[in-house]
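# The sequence and its predicted three-dimensional model are supplied below.
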Protein chains: 2
Amino acid sequence: MTYCVGIRLNAGLVFLSDSRTNAGLDAISTFRKMMVYEKAGDRCMVLLSAGNLSISQSVREILQVEKIPAPDGGEPITIWNARSMFDATRVLGAAVRRVYETDGPALRAAGIDFNCSMIFGGQIGDEGMRLFLVYSAGNFIEATRETCFFQVGESKYGKPILDRVLTPSTPLDEAAKCALVSMDSTLKSNLSVGLPLDLLVYRNGDLKAERIVCIDEKNPYFKMIHDTWGQRLREVFEGIEHPEWSGDGATAEFPLMVESERYETMRKITHPGEKIV
Amino acid sequence: MTYCVGIRLNAGLVFLSDSRTNAGLDAISTFRKMMVYEKAGDRCMVLLSAGNLSISQSVREILQVEKIPAPDGGEPITIWNARSMFDATRVLGAAVRRVYETDGPALRAAGIDFNCSMIFGGQIGDEGMRLFLVYSAGNFIEATRETCFFQVGESKYGKPILDRVLTPSTPLDEAAKCALVSMDSTLKSNLSVGLPLDLLVYRNGDLKAERIVCIDEKNPYFKMIHDTWGQRLREVFEGIEHPEWSGDGATAEFPLMVESERYETMRKITHPGEKIV
């Protein structure tokens, strides 16, 4: 499978992807899922992809040369001349649709879904940074202040920590750490997500990608996160008081056995068919 | 949706279920998903169910009177006379198959999956406690020392903490707390899982269920868990050092920008088609 996360903050953008692919449990491989499209000083765009690898690789290739008509009838729009990330993302949507035209019918005939979802974000010229989630139909949504991150692939194991930590004002390094913790939880619970990771942190206004690192199992920082997070989580867990079942419950600071005002305590079924409270 | 978890420890069993059901996002209801079948001093069995509510309610009803043939041609086996939890679970499997016979064809004709998964555990007489996961075909697997818990429904958000904390030697109260933390993470990330919760803690050898509580939004213990866990998680997160991007990286105790020996740092694509390292 795959796990990728893209985050848009006031201070910049964070992208993190794993690199495991599988065609069945007995066909596990390593493929990078991050791609950087850059014209230093002019634009920097990052693409993370999940889904069918043949589709996403084709999309990535085609994206470099895809064109959409300009509304004023002028020069067609590419990712290299687009004047906004919105337009660049429309080009990406067109690339997805081009692969669908080419491969969709044969995939459908083979009983395979046209499955592809992508996170695309970056900055062009003076425009603010933008972050998009692109679906397999080529349509897309954009991150906002209320929802400042997108995930694709195996997103659930790693979502709680993102939900708890991230806001638009989160500093870049803290968000990068948060993405790595989120990835660590995902790696622990789903074997089909795996190292190495690609991490890219983009600072608002840079218009080039300088902070990129490939993280394998020997990376000191990721090892520290992996070891520390699990251990601290256990410590916090142990620091929370156990539930108090004692009959009266009056001794516990936070009693558990409190009758609900709205719901009865569950009834048992005893012997055939007879119910008691 | 639903989230239920059942845990088998040396000290006993823990069961926790939410109570939200939905037939589409605009049809949210509250239904309890835990059922206790008890003959005090002889047997105590607990059933948690996920999936199509009409199926699981029918199974629960039929389970009280379902019979399977005894291998010696004697009196048919019911959950009330079964001499092992294995046999009782076979009766549950038969109840699932009976509902499938009755409702399966009409559901299929309506394009609805026969979707039902259940956790069933307890203790009968002198036998050790046992815990089973029953699938919609009526087949089942049993928890072991290596895998001491089962989840049904929306399991992913809440799995990391179970993976990190639970072993067969975990004390009962700690496991109950762990289940509640797991539920709290799930409630936070999936609106289709909701209060009230039913929590049941069974001590090895009791042969009756004494510790049952219905937890609503006012329960002091669950409120404490909810408030404390989120806050402490943030504190732990903040206590972990941020990644160090400085050029040389020599100053950081756990440097991030370390070159992988196995994988290159990602290449960028610059201008149409040209690739640089």
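Right, received. Where do you want to start?
# Helices of the stretch 101-250 of chain A, residue ranges please.
Along the stretch 101-250 of chain A, counting by DSSP state H, counting those that start in this stretch, helices occupy A:159-165, A:172-189, A:220-239.
# does any bit of the first one sit next to chain B?
Put plainly, it is helix A:159-165. Yes - interface with chain B: helix A:159-165 contributes A:159-161, A:163-165 (Cβ under 8 Å from any Cβ of the partner chain). C-beta here means a position set from N, CA and C on the backbone, and glycine is covered the same way.
# sorry, back to before: deepest in the core, which of the helices of the stretch 101-250 of chain A is it.
helix A:172-189 (a mean of 24; mean count of other Cβ atoms under 10 Å in any protein chain shown).
# Does that helix reach chain B?
Yes - applying Cβ under 8 Å from any Cβ, one finds helix A:172-189 touching chain B at A:173-174, A:176-178, A:180-181, A:185, A:188-189.
# pLDDT for those residues - can I get that in a markdown table?
Output for the residues of helix A:172-189 next to chain B, formatted as a markdown table (pLDDT from 0 to 100):
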| residue | pLDDT |
| --- | --- |
| A:173 | 94 |
| A:174 | 95 |
| A:176 | 97 |
| A:177 | 96 |
| A:178 | 97 |
| A:180 | 97 |
| A:181 | 95 |
| A:185 | 91 |
| A:188 | 87 |
| A:189 | 85 |
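# Going by distance to residue B:94, which of these wins?
Among these, residue A:189 lies closest to residue B:94 (Cβ to Cβ), at 33.4 Å.
# Isn't that closest one up against residue B:157?
No - counting by Cβ atoms under 8 Å, residue A:189 does not reach residue B:157; the two are 10.1 Å apart.
# Provide the secondary structure category for residue A:93.
The assignment at residue A:93 comes out as helix when based on DSSP: H, G, I helix; E, B strand; the rest coil.
# ok, it to residue A:108 distance?
20 Å (Cβ to Cβ, to the nearest Å).
# Looking at the residues of helix A:159-165 next to chain B, which two lie furthest apart in space?
Greatest spacing in these, by Cβ to Cβ: A:159 and A:165 (11.1 Å).
# Next, count neighbours for the residue in chain A that chain B sits nearest to.
Here the residue of chain A nearest chain B is residue A:156; by Cβ to the nearest Cβ that distance is 3.5 Å. As a burial measure, residue A:156 scores 22 neighbours (other Cβ atoms under 10 Å in any protein chain shown).
# Over to it: give its phi and psi.
Main-chain dihedrals, residue A:156, degrees, to the nearest 10: phi -80, psi -40.
# How confident was the prediction at the nearest residue to it once chain neighbours are set aside?
In this structure, residue A:156 finds its nearest non-sequential neighbour in residue B:156, 3.5 Å apart by Cβ to Cβ, 6 or more residues apart in numbering or on different chains. Reading off the confidence values, residue B:156 has pLDDT 92.
# picking up where we left off before, which residues are in contact with the residue of chain A closest to chain B?
Residue A:156 is in contact with B:156-157, B:189, counting by Cβ atoms under 8 Å, 6 or more residues apart in numbering or on different chains.
# same thing with residue A:131?
A:6-8, A:13, A:119-121, A:142-143, A:148-150.
# so how far is residue A:77 from it?
Distance of residue A:131 to residue A:77, given as Cβ to Cβ: 19 Å.
# again with residue A:135
Computed with Cβ to Cβ, the distance linking residue A:135 and residue A:77 is 20 Å.
# So these two - more neighbours on which side?
Ranked by neighbour count (other Cβ under 10 Å), residue A:135 and residue A:77 place residue A:77 first, with 21 against 15.
# Tell me what the more buried one is bridged to.
Beta bridges link residue A:77 to residue A:68, judged by DSSP bridges.
# how far away is it from residue A:37?
To residue A:37, residue A:77 is 14 Å away according to Cβ to Cβ.
# Then residue A:255?
As judged by Cβ to Cβ, residue A:255 and residue A:37 stand 58 Å apart.
# So the two - more neighbours on which side?
Taking neighbours as other Cβ under 10 Å, residue A:255 and residue A:37 compare with residue A:37 leading, 23 against 19.
# contacting residues for the more buried one?
Counting by Cβ under 8 Å, 6+ apart, residue A:37 has contacts A:43-47, A:63-64, A:79, A:122, B:268-270.
# element containing residue A:265, please.
Assigned by DSSP states H and E, residue A:265 belongs to no helix or strand.
# That one: neighbour count?
Neighbour number of residue A:265 under other Cβ under 10 Å is 13.
# Next: the one 5 residues further on.
Each residue near residue A:270 was counted by other Cβ under 10 Å, and the total is 16.
# nearest residue to it other than its sequence neighbours?
residue B:38 (5.3 Å).
# and the one you found, backbone torsions?
Phi and psi for residue B:38, reported as degrees, to the nearest 10, are phi -140, psi 140.
# Quick one: residues contacting residue A:7.
If a contact means Cβ under 8 Å, 6+ apart, then residue A:7 has A:13-15, A:131, A:148-149, A:162, A:166, A:175, A:178-179 as its contacts.
# Now with 7 Å, please.
Residue A:7 is in contact with A:13-14, A:148-149, A:166, A:175, A:179, counting by Cβ atoms under 7 Å, 6 or more residues apart in numbering or on different chains.
# quick one: it from residue A:121, how far?
Per Cβ to Cβ, residue A:7 is found 9 Å from residue A:121.
# try residue A:36
11 Å.
# where in chain A is pLDDT low?
Along chain A, segments meeting pLDDT under 70 span A:246-250, A:272-277.
# Give me the phi and psi for residue A:9.
Main-chain dihedrals, residue A:9, degrees, to the nearest 10: phi -120, psi 170.
# residues near it, how many?
Other residues lying near residue A:9 total 24 when counted by other Cβ under 10 Å.
# Chain B contacts on the stretch 1-150 of chain A?
Residues of the stretch 1-150 of chain A lying near chain B by Cβ under 7 Å from any Cβ of the partner chain: A:32, A:34-39, A:64-65, A:80.
# of all those, which comes closest to residue B:242?
Closest approach between those and residue B:242, by Cβ to Cβ: residue A:34, at 21.3 Å.
# Next, the contact list for the closest one, please.
By Cβ under 7 Å, 6+ apart, residue A:34 lies in contact with A:15, A:17, A:46, A:48, A:198, A:200, B:266.
# Can you flag which of those belong to strands?
Mapping those onto strands (DSSP state E) picks out A:15, A:17, A:46, A:48, A:198, A:200.
# can you list the helices of the stretch 101-250 of chain A in TSV and add distance to residue B:231?
Listed next are those as TSV, based on distance: least, Cβ to Cβ, whole Å:
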stretch	distance to residue B:231
helix A:159-165	9
helix A:172-189	16
helix A:220-239	10
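# Tell me which of the ones you listed lies nearest to residue B:112.
For the helices of the stretch 101-250 of chain A, the distance to residue B:112 is smallest for helix A:159-165, at 28.4 Å, taking Cβ to Cβ.
# What helices and strands are in contact with the closest one?
Packed against helix A:159-165 by the contact rule (3 or more Cβ pairs under 7 Å, 6 or more residues apart in numbering or on different chains; DSSP states H and E) you find helix A:172-189, helix B:172-189, helix B:220-239.
# try 8 Å this time
Here helix A:159-165 touches strand A:149-153, helix A:172-189, helix B:172-189, helix B:220-239, going by 3 or more Cβ pairs under 8 Å, 6 or more residues apart in numbering or on different chains; DSSP states H and E.
# how far off helix A:220-239 does the third one point, in degrees?
Think helix B:172-189. Here helix B:172-189 points in a direction 120 degrees away from that of helix A:220-239 (axes from the mean of the first three to the mean of the last three Cα atoms, to 10 degrees).
# report the angle between the axes of helix B:172-189 and strand B:149-153?
Going by the same axes, to 10 degrees, helix B:172-189 makes 20 degrees with strand B:149-153.
# Helix B:172-189 and chain A in contact?
Yes - shown here: helix B:172-189 in contact with chain A (Cβ under 8 Å from any Cβ) through B:173-174, B:176-178, B:180-181, B:185, B:188-189.
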